[in-house]
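In: Next come a sequence and a model predicted from it.
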Amino acid sequence: MRTGLSFVKMHGAGNDFVVLDTRTHALALTQAQATRLADRRIGVGCDQIILIEPDDTADAFMRILNANGSESGACGNATRCVAALLAAETGTRSLTIRTNAGPLPAVIKGPNVVEVDMGKPRLDWDEIPLSEPMDTLFLRLAMGPVENPAACSMGNPHATFFVDDLKNLPLATIGPALELARIFPERANIGFAKIEAPDRIRLRVWERGAGLTLACGSGACAALVNAHRRGLASRRAEIEMDGGILTITWRETDGHVLMEGPVATVFEGHLSPELLPA
Ligand SMILES: N[C@H](CCC[C@H](N)C(=O)O)C(=O)O
């Protein structure tokens, strides 16, 4: 049987990816190809498509395409997965992956556990970005039962609403409405966080371009940063999401955000040439 482009299906705390290694042959996916590949019925199915590309300054460049084909500058869970994949090739335990958000150093902490330095959060209104000058600790935004989120960027835009009840939120309606709110000119990932303790946050994220996912690495970073800025959490906390737990630390010495969490390889396969050119 003719084999097309090979891929690896991976996930980080349930946030799942189709990973394509294009270091030896460039691949530019159209939005239609990306959405078809990410489709859970007619494609392989995933939250994001991850392209590993060559890079002059880092071990690899990682391109991130959401399920709707839109590109993002950061994907924490995928960064862990790609780091594990590349580390297994050479046996190294530390490497650097570059994304549009910059270089991200990663360390293999144990079998299927990776820590990534996600860099510094961006906190100014025009770095999120927002459509107008605003206090990013309390945005002038309300939707249904939620209001006044905090916002930051981890190389991608995040708004975090702090709530007392995560179970009864109408995420299917307020999620997309908030993602597309006019205040977010590049749209945004929308986190809903319940503070359970200064070192424990329960989080659900409606992701830009992917919808409700089981986990969001950059969203977990944003939730910790925003909670600490509000005085609701310490600088290190376990972020519990539907698909698993990430440990996030907002390091005091240099302001970098460290994210530690699981990675998993599910299967490998080949895409039919009809879906994508070989
Ligand atoms: N939906 C995100 C990209 C994926 C982020 C998420 N999967 C993570 O682990 O950080 C965005 O458009 O900014």
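Out: Done, it's in.
In: Now stretch 85-105: buried residues?
Out: 85-87, 95-99, 101, 104-105 (16 or more other C-beta atoms under 10 Å). Just so you know, the C-beta spots here come from the backbone N, C-alpha and C atoms, and that holds for glycine as well.
In: what sits up against it?
Out: Stretch 85-105 is contacted from outside by 8, 10, 19, 52, 55, 57-64, 71-75, 79, 82-83, 106-108, 116-119, 154-156, 265, using C-beta atoms under 8 Å, 6 or more residues apart in numbering.
In: Among these, name the ones in strands.
Out: 8, 10, 19, 52, 60-64, 71-72, 106-108, 116-117, 265 (DSSP state E).
In: ok, which of the residues you listed also contact the ligand?
Out: 64, 72 (C-beta under 6 Å from any ligand atom).
In: Filter the ones in strands among the contacts of stretch 85-105 down to the buried ones and hand me the ChimeraX line.
Out: Remark: buried members of the ones in strands among the contacts of stretch 85-105, expressed as a ChimeraX selection using 16+ other C-beta under 10 Å:
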select :8,10,19,52,60,61,62,63,64,71,72,106,107,108,116,117
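In: Can I take it that His228 is in a helix?
Out: Yes - assessed by DSSP: H, G, I helix; E, B strand; the rest coil, His228 belongs to a helix.
In: which residues in the stretch 51-200 of the chain form helices?
Out: 76-90, 171-179 (DSSP state H, counting those that start in this stretch).
In: Make sure Thr213 is actually in contact with Leu203.
Out: No - counting by C-beta atoms under 8 Å, Thr213 does not reach Leu203; the two are 10.9 Å apart.
In: For the stretch 1-150 of the chain, which residues are neighbours of the ligand?
Out: 15, 47-48, 64, 66, 72, 74-77.
In: In TSV, list those residues along with pLDDT and distance to Pro133.
Out: Converted to TSV, those look like this (pLDDT from 0 to 100; distance: C-beta to C-beta, whole Å):
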residue	pLDDT	distance to Pro133
Asn15	98	33
Asp47	98	33
Gln48	98	31
Ile64	98	28
Asn66	98	28
Ser72	98	24
Ala74	97	24
Cys75	97	28
Gly76	98	28
Asn77	98	32
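In: Considering those residues, which possesses the most neighbours?
Out: In terms of neighbours by other C-beta atoms under 10 Å, these top out with Asn77 at 35 neighbours.
In: Give me the distance between that residue and Gly14.
Out: 9 Å (C-beta to C-beta, to the nearest Å).
In: can you list residues touching both of these two?
Out: Ala215.
In: now Met154, nearest residue through space, not along the chain?
Out: Nearest non-adjacent residue to Met154, counting by C-beta to C-beta, 6 or more residues apart in numbering: Ser218, 4.1 Å away.
In: tell me the domain boundaries of this structure?
Out: 6-118+263-270, 125-252 (automatic domain parsing).
In: Kindly reformat these as JSON lines containing distance to Leu276.
Out: What follows is the domains of the chain, written out as JSON lines (distance: least, C-beta to C-beta, whole Å):
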{"stretch": "domain 6-118+263-270", "distance to Leu276": "6"}
{"stretch": "domain 125-252", "distance to Leu276": "19"}
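In: Which positions in the stretch 151-278 of the chain make contact with the ligand?
Out: Near the ligand, when you scan the stretch 151-278 of the chain using C-beta under 6 Å from any ligand atom, you find 156, 189, 207-210, 216-219.
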